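K.L.:
Provided below for reference: sequence and predicted model.
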Amino acid sequence: MQELNRRIQLSGGNKCFVRCPGCYNFFSGKDYITSDLINFLSELKEKVNISKVTMSGGEPLAREDMPYILHTLKTLGYTINLDTVGLSLIRDVTIGKNTIIKKISSKGIVQSIDVIGIPFDGSTDEIMNMFRRKLKVHEVLGILDELSFNNANIGINTVVHKNNIDDIINIYHQLKEYNNILKWQLFQYMPIGPGGYKNRHKYELSDEEFNSLEETLHSVNDTSMDIQLKSRLHRKNKYLLIDGEGVVWIPRQNEHNDWLTEDENNERILLGNINEENAVDKILSQVEKYDKVPAKQI
């Protein structure tokens, strides 16, 4: 069985409940067909040694058939991480002027996944909204209460940038009250994608600043929560992304074991679409080709 040395990051669609100026996602006006997605991921699992899919933004729970997708991927044998803002787990949510996403059963979602990831980027609304606009701290805490009640395995995702790095310890003190949080992932801001590259000067922080968090957090952590710091270098050339239209892509990045200026861009290498004939074979051959290309040729 072929090895795939990249993690599957799957967009849930082209709508989102919040606005993140540093978002890496490429949004479009089209959505992939559910059967195309299921067929692609079913064949992919038969051909490569891969066990996990992370369902992420755009907002997965804004798609009506997302419960079906999650359940089906689970029956295929995938471990499912669902990254969601989570607002529709506690109330109806309006997107734009007219689209209303109805409240969804958190119990049903929890039963179809392994871990649910919730964003938490600031201990106050002001700090939270510096990066993740239209999200309030009391709403995130309400989501965590709802998920804890349903015995969910919770993961917290924090994007660490220069505007919230001094607030990380305050976030920790809020999170430590929840026993169901299995892991807290802190991601160094990564200046890629449309929003991420455009707004990099507002958020980017040095490797030294980010790495300094490790000693600080581990010195105060008196819980069973697994705190994981994930630098931009840690994530470089590690993802195979599928956008909300079904386009499979990877960021255009060097193969150097360093983070270089040219790694910061809004360019992507398009590998194909899940709806194409023989899509799995074509895309796997493309991934293998790019993973072997010398750095200066990428």
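P.N.:
Sure, I can see it. Not measured: the values here are computed from a predicted model.
K.L.:
could you list the low-pLDDT ranges of this protein?
P.N.:
Residue ranges of the chain with pLDDT under 70: 293-298.
K.L.:
so who does the nearest residue to residue 77 once chain neighbours are set aside touch?
P.N.:
Once flanking residues are discounted, residue 77 sits nearest to residue 45: 6.5 Å by Cβ to Cβ, 6 or more residues apart in numbering. For glycine as for every other residue, the C-beta is placed from the backbone atoms N, C-alpha and C. Contact analysis of residue 45 by Cβ atoms under 8 Å, 6 or more residues apart in numbering lists 76, 77, 78.
K.L.:
okay, now the closest residue to residue 23 other than its chain neighbours: neighbour count?
P.N.:
With Cβ to Cβ, 6+ apart as the criterion, residue 23 has its nearest non-adjacent residue at 4.0 Å, and that residue is residue 195. By other Cβ atoms under 10 Å, 20 other residues sit near residue 195.
K.L.:
ok, back up a step: in a markdown table: the contacts of residue 45, plus neighbour count.
P.N.:
Shown next, in a markdown table, are the contacts of residue 45 (neighbours: other Cβ atoms under 10 Å):
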| residue | neighbour count |
| --- | --- |
| 76 | 15 |
| 77 | 9 |
| 78 | 22 |
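K.L.:
now, which of these lie within helices?
P.N.:
Judged by DSSP state H, helices contain none of those.
K.L.:
as a markdown table, those residues with distance to residue 132 would be great.
P.N.:
Converted to a markdown table, those look like this (distance: Cβ to Cβ, whole Å):
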| residue | distance to residue 132 |
| --- | --- |
| 76 | 31 |
| 77 | 33 |
| 78 | 27 |
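K.L.:
look up how far residue 56 lies from the residue nearest to residue 77.
P.N.:
Distance, residue 45 to residue 56, using Cβ to Cβ, to the nearest Å: 19 Å.
K.L.:
again with residue 196
P.N.:
14 Å.
K.L.:
residue 79 too?
P.N.:
14 Å.
K.L.:
and for residue 69?
P.N.:
13 Å.
K.L.:
what ranges do the strands span in the stretch 51-200 of the chain?
P.N.:
For the stretch 51-200 of the chain, applying DSSP state E, counting those that start in this stretch gives strands covering 52-56, 79-83, 93-95, 99-101, 115-119, 154-160, 181-188.
K.L.:
what's around residue 183, how many residues?
P.N.:
Neighbours around residue 183, by other Cβ under 10 Å: 15.
K.L.:
residue closest to the middle of the protein?
P.N.:
Compute the mean C-alpha point of the chain, and by Cα atoms, centre = their mean the closest residue is residue 56, 4.6 Å away.
K.L.:
hang on, that one packs against residue 16?
P.N.:
No - when contacts are counted by Cβ atoms under 8 Å, residue 56 is not listed as touching residue 16 (10.5 Å).
K.L.:
let me see the contact set for the residue nearest to the centre of the chain.
P.N.:
9, 10, 11, 12, 83, 117.
K.L.:
looking at the residues you listed, which is nearest residue 145?
P.N.:
Checking the contacts of residue 56 against residue 145 with Cβ to Cβ, the nearest one is residue 117 at 16.5 Å.
K.L.:
what bridges to that closest one?
P.N.:
residue 83, residue 155 (DSSP bridges).
K.L.:
how close does it get to residue 174?
P.N.:
Residue 117 is 16 Å from residue 174, by Cβ to Cβ.
K.L.:
which one's more surrounded, the two?
P.N.:
Per other Cβ under 10 Å, whichever of residue 117 and residue 174 has more neighbours is residue 117, with 21 against 15.
K.L.:
that one and residue 182, how far apart?
P.N.:
In this structure, residue 117 and residue 182 are 10 Å apart, going by Cβ to Cβ.
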